[in-house]
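Student: A predicted structure for the sequence below; I have some questions about it.
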Amino acid sequence: MHTATNKSSNIDISTEKKLEEFAKGLNKKIEKGTVFFLFGEMGVGKTTFVKYLINNLQLKFNQNITEVTSPTFNIMNEYQIGDILIKHYDLYRLKTSEELNDLNLFENNEKEIVLIEWPQIIKEVPKNLTKLYFEYKNDFKDRCIKIIR
């Protein structure tokens, strides 16, 4: 997943099955040290994507599937899967970049996978970043993900 190019592509995620298949496919390529910025309107599928990504990794490592919820109120949820620590952040309630200081978002990210919803207030872009733009299409009937690496 580590790449310095600015390639982009669009993936159809109009159904939950398509979103799950996308997350499952991404699991085959994901590496420790990868940071994902998840952009998109409320309800477009960001947390559902994280759920499928984590649950598919849990299956891959023969672990029980756990409930994956949005960390809107506690800011961050952690999931230990095999030797991988996944940190899932939701920065929706934060208003300034100064509020990020105590979170140490990228402190040990070479040993982790970091997924950040609502990353707009982050000023310092980490290495190994993949941006996922979740979008509604056709008057909210369809959804897609635009990937920028």
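Tutor: Perfect, thanks for sending it.
Student: what stretches of this protein score poorly on pLDDT?
Tutor: Counting by pLDDT under 70, the chain has low-confidence residues at 1-8.
Student: which strand of it spans the most residues?
Tutor: Counting residues, the longest strand found in the chain (DSSP state E) is strand 129-137.
Student: Contacts for that strand, please.
Tutor: 1, 13-14, 34-41, 44-46, 49, 142-149 (Cβ atoms under 8 Å, 6 or more residues apart in numbering). No exception for glycine: its C-beta is placed from N, CA and C like everyone else's.
Student: how much space between the residue most central in space within the chain and residue 34?
Tutor: Among the residues of the chain, the one closest to the centroid is residue 115, at 3.6 Å (Cα atoms, centre = their mean). Distance from residue 115 to residue 34, counting by Cβ to Cβ, to the nearest Å: 9 Å.
Student: one step back: find the helix or strand that the residue nearest to the centre of the chain is a member of.
Tutor: strand 112-117 (DSSP states H and E).
Student: helices or strands next to that strand in the packing?
Tutor: Strand 112-117 sits against strand 35-39, helix 46-60, strand 84-90, with contacts defined as 3 or more Cβ pairs under 8 Å, 6 or more residues apart in numbering; DSSP states H and E.
Student: show me what contacts residue 124?
Tutor: residue 106.
Student: if I look at it, how far off is residue 57?
Tutor: Taking Cβ to Cβ, one finds residue 124 at 27 Å from residue 57.
Student: Could you spell out the sheet neighbours of the strand holding residue 115, each with its direction?
Tutor: strand 35-39 (parallel), strand 84-90 (parallel) (DSSP bridges).
Student: closest one to residue 18 among those strands?
Tutor: strand 35-39 (16.7 Å; Cβ to Cβ).
Student: and the angle from that closest one to strand 129-137?
Tutor: Counting by axes from the mean of the first three to the mean of the last three Cα atoms, to 10 degrees, strand 35-39 lies at 20 degrees to strand 129-137.
Student: what's strand 35-39 in contact with?
Tutor: Residues contacting strand 35-39 (Cβ under 8 Å, 6+ apart): 46, 49-50, 106, 109, 113-120, 122, 126-134.
Student: All good on my end, thank you.
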